[in-house]
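Colleague: Quick check, what structure comes out for this input:
(chains A, B and C)
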Amino acid sequence: MTEAAPQQSEIPFRAIVDGKPYEDLPTDLYIPPEALDVVLDAFEGPLDLLLYLIRKQNLDILNIPILQITEQYMEYISIADKLKLELAAEYLLMAALLAEIKSRLLLPRKAEQIEGDEDDPRAVLIRRLQEYERIKNAAEALDELPRMERDIVLASIDTSIVKVQRPKADVDFQEIVLALQAVLKRADQLSHHVITKEPLSVKERMTKIMQQLDAQPQLLFKKLFTFEEGRAGVVVAFLAILELSKAELVEITQAEPFSELSIRVKNKTKAEIA
Amino acid sequence: MSDNQQDQKELKRIIEALLFASDSPMSLQQLQTVFPELEAPSKQTIQEAIDAICGDYQNSAIELHQVASGWRFQVKQELASWVARLFTHKPPKYSRALLETLAIIAYQQPVTRGDIEEIRGVSVSTYMIDTLLDREWIKVAGHKESPGRPSLYVTTKQFLDYFNLASLEEMPALQELEALAIAGEMEI
Amino acid sequence: MSDNQQDQKELKRIIEALLFASDSPMSLQQLQTVFPELEAPSKQTIQEAIDAICGDYQNSAIELHQVASGWRFQVKQELASWVARLFTHKPPKYSRALLETLAIIAYQQPVTRGDIEEIRGVSVSTYMIDTLLDREWIKVAGHKESPGRPSLYVTTKQFLDYFNLASLEEMPALQELEALAIAGEMEI
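Modeller: Model (predicted):
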């Protein structure tokens, strides 16, 4: 990562984290800091953000340096987290996917894994990025098309000399009643849909996992996920495990290839566990 | 072609476009104000353009005609009977969106366009409001004392007449409607 | 002039009058039904009349344009900026999210909401789908035979009409997806 970021020091950065100004922005983060708090408006989602990171550096989608992009993406996620910006679950999901790709790259691969890129998560990601970019461009082209109300004006003439009462649409009051019912029903559904979001915090989850490990020093990986929490919950748990692993508080182990993963507290010897 | 002729030809096209685009007749004065102040052609020049356009449409199905408030394109008299056939063959149908808008105005009046949008959860087109105003089923009863002073819409006497209602009280009560809506949902 | 030519000329004028008088685009079929059943010209004859009208307006300020639901007269693009001065209202602007959703439906139809979310990588709000349904740019064409039987959305003729298109083929071409060629060794 040798490219220098645009001179970010020129832009006063006023984020306050834990009561202190937060100034040490990573230099390779290509998002203007002042844009961070409006980032959810500025980007249409994780794919859009990734495309931005890639395009900003003139990289080829087909050949993205995945580690570099992953780090930039994670950096962004973690700053957003520190600034306590509410991040949509999709951003966390993408973080998990990138982390998975990264781990695959770092792990020695078996011969059969090299065959075909059907299941290669990197190939899947690249395909999705390509497809998204294609639609993004198509949407821009659609916006450029001449359209009614903006570019197209119909040529109208006066027809009042035509001596026929133009029939007006016939409406039955029953139709109005039905229309209002439809509105009410929809309004009702809308209010049901405003579900108060369970705050899913990675930090909180890290604490919870450590507490679980206090009671039981080794846990099956899958026990750490509560599927009722949905995809976002799974992602948060996954990120929490990665964070703990990065901080070397836990380690992820596997007794033999393809067996179930376990997680255990680091710095404890086998003897202690036994 | 001289520059002057070129300009005159371009001006004619612009005037022609304006007369076609406008919903109501346009006077020389109104046509003049469309141009930037310093570049506005004289009324005489505009009149010359109009005369030229009249000539162009001599063999066409429409003509440029002068009425009290200005100039407008209209269908030629001898073709009016065909246009009449068109109209009797195409009774319009109102969209669901328009009926919903009307229902909200009827039940929640007076309401602003913003109120309707909030209840319907989607934006309300000007066309829809215009159609209802045109039909004289709704009218502007005043303006809300809020930023932008939006129009407050209410239903009219013509609305009651059309739907054969003596007063707004004769409309089914909102609670009944809600009960019906819920019953409808339970069936599903 | 032969009787036949005379008839053809008269037919052209009638078609022209109908197209000017109609509020919405007219198809060959719709034009045909305006005529008394036994005297109705063939679609081909109507098409020939339309072609002739198109020629007549070549140098005029307006043109006869074909969109999905038929033919309509509209002001030529190059004069749009002049005409815009007549209107005080700002044209609506559509969000990227809405345009992306619409593009996905237009290019990949029929699609479910899940398909749209898959491509955009974010959830799609009910509000957005409702807005598109409300504008009648999309409609539900059926349900997918998968759990939950999600609605399958397609674009409508009104969508094409609004964007001045005669068919989906006229939409800007989607760029080709470059073939994936991930080398055995992934570059880090």
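
Colleague: okay, CA-based contacts and neighbour counts for the rest of this
Modeller: OK.

Colleague: The residue of the stretch 1-150 of chain A at minimum distance from chain B: neighbouring residues, count only.
Modeller: Residue nearest to chain B within the stretch 1-150 of chain A: residue A:149 (10.6 Å; Cα to the nearest Cα). Neighbourhood size, residue A:149 [other Cα atoms under 10 Å in any protein chain shown]: 17.

Colleague: next one: phi and psi at the nearest residue in space to it that is not next to it in sequence?
Modeller: For residue A:149, ignoring the flanking residues on the chain, the nearest one in space by Cα to Cα, 6 or more residues apart in numbering or on different chains is residue C:91 at 5.5 Å. For residue C:91, the backbone dihedrals are phi -70, psi 150 (criterion: degrees, to the nearest 10).

Colleague: now residue A:253
Modeller: The phi and psi values for residue A:253, taken as degrees, to the nearest 10, are phi -130, psi 160.

Colleague: can you count the residues close to it?
Modeller: The number of residues packed near residue A:253 is 15, by other Cα under 10 Å.

Colleague: In contact with it, which residues are there?
Modeller: Going by Cα atoms under 8 Å, 6 or more residues apart in numbering or on different chains, residue A:253 touches A:261-264.

Colleague: Make CSV from these and add distance to chain B and neighbour count to it.
Modeller: Listed next are those as CSV, based on distance: Cα to the nearest Cα, whole Å; neighbours: other Cα atoms under 10 Å in any protein chain shown:
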residue, distance to chain B, neighbour count
A:261, 45, 15
A:262, 46, 17
A:263, 47, 22
A:264, 50, 22
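
Colleague: Quick check: of those, which lies closest to residue A:62?
Modeller: Comparing these against residue A:62 with Cα to Cα places residue A:261 closest, at 31.9 Å.

Colleague: OK, contacts around the closest residue in space to that closest one that isn't next to it in sequence?
Modeller: Among residues not flanking residue A:261 along the chain, residue A:254 sits closest, at 4.9 Å (Cα to Cα, 6+ apart). The contact partners of residue A:254, by Cα under 8 Å, 6+ apart, come to A:260-262.

Colleague: okay if I get those as TSV plus secondary structure?
Modeller: Output for those, formatted as TSV (DSSP: H, G, I helix; E, B strand; the rest coil):
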residue	secondary structure
A:260	coil
A:261	strand
A:262	strand
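
Colleague: Need those residues in TSV (columns: pLDDT and distance to residue B:55).
Modeller: Below are these laid out as TSV (pLDDT from 0 to 100; distance: Cα to Cα, whole Å):
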residue	pLDDT	distance to residue B:55
A:260	73	88
A:261	75	87
A:262	79	90
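
Colleague: coming back round to it: distance of the residue nearest to residue A:261 relative to residue A:263?
Modeller: Distance of residue A:254 to residue A:263, given as Cα to Cα, to the nearest Å: 9 Å.

Colleague: Grab the longest helix from chain B for me.
Modeller: The residue-count maximum for a helix in chain B (DSSP state H) belongs to helix B:3-21.

Colleague: Just the closest residue of the stretch 1-150 of chain A to chain C, please.
Modeller: As assessed by Cα to the nearest Cα, chain C sits closest to residue A:147 within the stretch 1-150 of chain A, at 4.4 Å.

Colleague: Who are the contact partners of that residue?
Modeller: Residue A:147 neighbours (Cα under 8 Å, 6+ apart): C:162-164.

Colleague: Output those of the residues you listed also counted as contacts of chain A.
Modeller: Contacts with chain A within these, counted by Cα under 8 Å from any Cα of the partner chain: C:162-164.

Colleague: between the residues you listed, which is closest to residue A:82?
Modeller: Once Cα to Cα is applied, the member of the ones next to chain A among the contacts of residue A:147 that ends up nearest residue A:82 is residue C:163, at 44.1 Å.

Colleague: Just list the residues touching the closest one, thanks.
Modeller: For residue C:163, the contact set (Cα under 8 Å, 6+ apart) comprises A:145-148.

Colleague: So is stretch A:52-60 next to chain C?
Modeller: No - Stretch A:52-60 does not reach chain C (Cα under 8 Å from any Cα); its nearest approach is 11.0 Å.

Colleague: buried stuff in that stretch?
Modeller: A:53-54 (16 or more other Cα atoms under 10 Å in any protein chain shown).

Colleague: same question, stretch B:9-23
Modeller: For stretch B:9-23, a neighbour-count test (16+ other Cα under 10 Å) marks B:11-22 as buried.
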